[in-house]
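Chemist: Provide a 3D model corresponding to the input given below.
(2 chains)
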Amino acid sequence: MSMHPKDPRCEAVQDELAELALGTLSGLERSSVLTHVEGCTNCRIEVGRLSAVADAVLTLAPEIEPEAGFEVRLFERMGVARPRRWGLPRRQAQRVALAGTALLGALGLGLGLGLTSGGTTFSAPTPVVANLTSAHGIRGEVYVVPGKPGWIFMSVDHAGTTGLVTCRLATLHGGTMTVGSFWLASGTGSWVYALPVPADQVRTAWVVTGNGAVLASAELNR
Amino acid sequence: MSELSDEALLAGMAVGDETAAVTFVRRYQRRVYGLAVSMLGDAHAAEDVAQEALVRAWRHAQVFDSRRGSAATWVLAITRNLAIDAMRVRRSTPMDPARFLTLGSVSQDESPEEAAEALDRHPGIRAALAGLPPEQRRALVLAVVYGLTAADVSERESIPLGTAKTRIRAALQKLRTTMDVTVSRS
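Modeler: Numbering: from 1, shown residues only, chains lettered A, B, ... in the order given. Now for the predicted structure:
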């Protein structure tokens, strides 16, 4: 099973690589294994792969509905608004939604409308989502989310460049502005920023390279 | 907001967007609480851990780095570490690892949509875990989920230290092979 059994130094630390990946190695053993791993590309890759396996096992965690009141207590601790779920438990609500989406829609009860709880109004704003495209196709996504402040999230993939890029925006009123910069590594990167203008005023977003070339753009509110 | 990716929600949380936080909480609270319950076996302690994990995700969203793993593994790892701390404070012994696996199987009262979603999250890995020899599966869950060292596993299972190390390593490597195959096929 070992990736590189021929090197006796690698073979000697195989058990410890697993424990290093799990974070259960301690003290001198950890120090000794780390010294080897830092100088051995194969073992470093192996630790990364084993860590990914451990992460995957953790995602098998069961889904269990918390006790009643969990959300209320949690949102108090977080200091965020206290939205209330629909009056039906989640599973029941799903069934109702499946059975009567049209009816709910007719009653104006679709998700995304404002909810009230204890006098606090909570509105789930609807984000505007658009593809970032270039002449070569889709290069990522842009989310513009209303709020106070609104915010913009850019995710760029396979853009074929490495380096600092700039996000520029155009508004419906015709103004343009640079709102920030972020780093692309091997064409990939993501970035978030609080919007300097209302979200519904953003018309176009561009990703611009250091030499001013437009790498990709997205049309948001037309 | 509910259609935003996990990464986008965490990005929103990083700039203090409360609705992103609410959506994230509602997306993950059942998994976070489920992991805490399966580790601690006590609803009250599990709620403390689950709440603290989600509060930390809210407060530290800006340190999340999607290049180092998914949002799910990030928030579940926070939960796991807090639950391990709680177990140490309570001086409690880990639950039977079979409990994690049993609770983790698709529940009878899940809707077909939920069951499909749960299975899609980890293609092959559950089956691969179930296919391990029982002693390797126990050792792996004790180490991965409950944070036991090889020495702890050795003591708990009444086996030599070398055997505990080998079981953990062999189990991890078998699952890794499964994941490699899954990734290469996809």
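Chemist: residue B:165: which element?
Modeler: Residue B:165 is part of helix B:161-185 when elements are defined by DSSP states H and E.
Chemist: how about that helix: buried residues?
Modeler: Buried positions in helix B:161-185, judged by neighbour count with 16 or more other C-beta atoms under 10 Å in any protein chain shown: B:164-176, B:178-179. From N, CA and C alone the C-beta is placed, and that goes for glycine too.
Chemist: now stretch A:165-185: how far from the chain's centre is it?
Modeler: 20 Å (C-alpha atoms, centre = their mean, to the nearest Å).
Chemist: contacts for the strand or helix carrying residue A:178 next, please.
Modeler: In this assignment (DSSP H and E), residue A:178 forms part of strand A:176-184. Here strand A:176-184 makes contact (C-beta atoms under 8 Å, 6 or more residues apart in numbering or on different chains) with A:152, A:154, A:156, A:159, A:161-171, A:189-191, A:193, A:195-197.
Chemist: try it again at 7 Å.
Modeler: Under the criterion C-beta atoms under 7 Å, 6 or more residues apart in numbering or on different chains, residues A:156, A:159, A:161-170, A:189, A:191, A:193, A:196 lie in contact with strand A:176-184.
Chemist: given the strand or helix carrying residue A:165, what are its sheet partners and their directions?
Modeler: Taking DSSP H and E as the definition, one finds residue A:165 inside strand A:163-171. Applying DSSP bridges to the sheet, strand A:163-171 is found paired with strand A:176-184 (antiparallel), strand A:202-208 (antiparallel).
Chemist: so for it, mean pLDDT?
Modeler: Across strand A:163-171, pLDDT averages out at 87.
Chemist: run the chain-centre distance for it.
Modeler: For strand A:163-171, the distance to the chain centre is 20 Å (C-alpha atoms, centre = their mean).
Chemist: now do the helices in chain A.
Modeler: Listed in chain order, the helices of chain A (DSSP state H) span A:8-12, A:14-22, A:27-38, A:41-58, A:70-78, A:90-106.
Chemist: outline the domain layout of chain B.
Modeler: B:6-90, B:97-185 (automatic domain parsing).
Chemist: could you export those domains as JSON lines, including mean pLDDT?
Modeler: JSON lines is the format used below for the domains of chain B (pLDDT from 0 to 100):
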{"stretch": "domain B:6-90", "mean pLDDT": "90"}
{"stretch": "domain B:97-185", "mean pLDDT": "76"}
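Chemist: hmm, back to that, for the strand holding residue A:178, give the mean pLDDT please.
Modeler: pLDDT averaged over strand A:176-184 gives 83.
Chemist: would you mark the buried spots in stretch A:149-165?
Modeler: Under 16+ other C-beta under 10 Å, the buried positions of stretch A:149-165 are A:149-157, A:159, A:161, A:165.
Chemist: let's see which of these end up in strands.
Modeler: Secondary structure from DSSP state E places A:151-156, A:165 of the buried residues of stretch A:149-165 in strands.
Chemist: which residue packs closest to the residue in chain B sticking out farthest from the centre, ignoring adjacent ones?
Modeler: Distance from the centre of chain B peaks at residue B:160, with 27.2 Å (C-alpha atoms, centre = their mean). Nearest residue to residue B:160, sequence neighbours excluded (C-beta to C-beta, 6 or more residues apart in numbering or on different chains): residue B:154, at 6.5 Å.
Chemist: quick check: next helix or strand after the helix or strand residue B:12 falls within?
Modeler: Following DSSP H and E, one finds residue B:12 within helix B:6-14. For helix B:6-14, the following helix or strand on the C-terminal side (DSSP H and E) is helix B:18-40.
Chemist: hang on, the earlier thing: the inter-axis angle of the one helix or strand the residue nearest to residue B:160 maps to versus helix A:27-38?
Modeler: Secondary-structure assignment from DSSP H and E places residue B:154 in helix B:150-157. With axes from the mean of the first three to the mean of the last three C-alpha atoms, to 10 degrees applied, the angle from helix B:150-157 to helix A:27-38 works out at 130 degrees.
Chemist: neighbours of residue 9, how many?
Modeler: You didn't say which chain, so I picked chain A. Residue A:9 has 11 neighbouring residues, counting by other C-beta atoms under 10 Å in any protein chain shown.
Chemist: looking at chain B here, not the other one
Modeler: Other residues close to residue B:9 by other C-beta under 10 Å number 28.
Chemist: how much space separates it from residue A:193?
Modeler: Taking C-beta to C-beta, to the nearest Å as the measure, residue B:9 falls 15 Å from residue A:193.
Chemist: and the domains of chain B, which is most packed in?
Modeler: domain B:6-90 (a mean of 21; mean count of other C-beta atoms under 10 Å in any protein chain shown).
Chemist: just the strands paired with strand A:163-171: most buried one?
Modeler: Comparing the strands paired with strand A:163-171 by mean neighbour count (mean count of other C-beta under 10 Å), strand A:202-208 comes out on top with a mean of 21.
Chemist: show me what that one is in contact with.
Modeler: With C-beta under 7 Å, 6+ apart as the criterion, strand A:202-208 contacts A:132, A:142, A:144, A:152, A:154, A:156, A:165-172, A:195, A:214-221.
Chemist: redo that, cut-off 6 Å
Modeler: Judged by C-beta atoms under 6 Å, 6 or more residues apart in numbering or on different chains, the contacts made with strand A:202-208 from elsewhere in the structure are A:142, A:144, A:165-166, A:168-172, A:214-221.
Chemist: could you pick out the buried ones from the residues you listed?
Modeler: Burial by neighbour count, judged by 16+ other C-beta under 10 Å, picks out A:142, A:144, A:165-166, A:168-171, A:215-218, A:220 from these.
Chemist: no further queries at this time; thank you.
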